[in-house]
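got a sequence here, can you build the structure:
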Amino acid sequence: MDRNKINEPENNNQANISNYQEVLSRSLGEINTSQIVTGNGQIALDLVVVIDTSGSMSDEAGDLSKQIDATIEAASAKCPSHLRATFLGIEGTWPNTKFDQSASEYLIKRGVNERDLQARVPFKEADGRDHAGNKEDLCRAVIDISKHFDWRDDARRAIFVLGDEGMDGGGGILTRAAIAKNNEAISVAQDLGIKVYTYQGTPDDSLTNLDRFPTLADRDNVTREYERLAKETDGRAYIYTTGIANFSLVLQEILCDSLTPPVKTDRRFAECDSVCENLPLIINTVNTLSDIIKKTIDSCCSRY
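Numbers count the residues shown, from 1 in each chain. From the prediction side, this is the model:
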């Protein structure tokens, strides 16, 4: 996305969430979220699957929904649990799928004050258009669900979050704001003992897509953030930027791996890893600043 956002003030944003949800609910009719409760295993598992609801993720939403039931049955034979799986969209829904309610609507209906949520209403970019960035706020969704979902006290906790562009408002360029929001999501999930599993799907690279990745290097920068969120919360990352996943296998792996509690990462090493992973971005920023300084010096010296 164009990263020069024209954002509304935070207070106005949160005050408008309830109005936005009310309009969304009226337009879709009565909504009942898809939730599966099954199994009699000794370990209770709460899994929340939350997906980007911008147009480019329709294939993933459909394929994932079709494979859920058979996948849970297969996983229960290998890794029995007392499972509660909930399926939510990020500030939107996917018709005719299990993702029939948004994450913020689910939370608000359970008594969460909308002012406590980081979910955003639709906003316009610098070009004056709505790029559906609020439907691509993966990190914000992880934060809201981690803090406010009705987790069972005795259950293992896991989130599976799916997108294809940047994790804070979408787009193809990694920004400092997106890195900071990912840091926040990681910290919240770690503190609450939640494993986060990430999926990056195939992006829309067509020339008509204003939010496409400008270069492969830009795509790789964003991919590293998907990987970092999973790694630092002891989850796993599934990167399919050149094809769609076999969701049956992915979900079975998540359902089994989620039964083991997360191993907390030593943040000193995590910070070192983050510096190494983001080194290309850091070098690019330094080089840009160097060019600016050089041009400034040349301009000043040319006067004499």
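
from here on, just use CA atoms for contacts and neighbour counts.
Will do.

next, the buried residues of the helix or strand encompassing Leu88.
For Leu88, the element it lies in under DSSP states H and E is strand 82-90. Within strand 82-90, the residues that count as buried by 16 or more other C-alpha atoms under 10 Å are 82-90.

what residues does it touch?
Defining contact as C-alpha atoms under 8 Å, 6 or more residues apart in numbering, one finds that strand 82-90 is touched by 33-53, 98-104, 106, 134-138, 141.

if we go by neighbour counts, what in stretch 190-205 is buried?
190, 193-204.

out of these, who's nearest Leu210?
Nearest to Leu210 among the buried residues of stretch 190-205, counting by C-alpha to C-alpha, is Asp204 at 9.6 Å.

gap between that closest one and Ser54?
For Asp204, the distance to Ser54 equals 11 Å [C-alpha to C-alpha, to the nearest Å].

contacts only, for Ala189.
142-143, 146, 195-196, 233.

and the next element down the chain from the strand holding Leu88?
Assigned by DSSP H and E, the successor of strand 82-90 is helix 103-109.

ok, Ser56 to Asp144 distance?
Separation of Ser56 from Asp144 (C-alpha to C-alpha) stands at 23 Å.

pick out whichever of those two has more residues nearby.
Asp144 (20 against 16; other C-alpha atoms under 10 Å).

state the phi and psi torsions of Ser258.
phi -70, psi -20 (degrees, to the nearest 10).

which residues does it contact?
Going by C-alpha under 8 Å, 6+ apart, Ser258 touches 45, 156-158, 195, 235.

strands of the stretch 151-300 of the chain, residue ranges please.
For the stretch 151-300 of the chain, the strands defined by DSSP state E, counting those that start in this stretch cover 156-163, 194-200, 237-239.

neighbouring strands for the first one, and are they parallel or not?
Which is strand 156-163. strand 44-52 (parallel), strand 194-200 (parallel) (DSSP bridges).

want to throw these into TSV with mean pLDDT and distance to Thr223?
Shown next, in TSV, are these (pLDDT from 0 to 100; distance: least, C-alpha to C-alpha, whole Å):
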stretch	mean pLDDT	distance to Thr223
strand 44-52	97	15
strand 194-200	97	7
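
let me have those strands in CSV, extended by distance to Arg224.
CSV is the format used below for the strands paired with strand 156-163 (distance: least, C-alpha to C-alpha, whole Å):
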stretch, distance to Arg224
strand 44-52, 18
strand 194-200, 10
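
do you know which of the ones you listed lies nearest Thr242?
Among the strands paired with strand 156-163, strand 194-200 sits nearest to Thr242 (C-alpha to C-alpha), with 9.9 Å.
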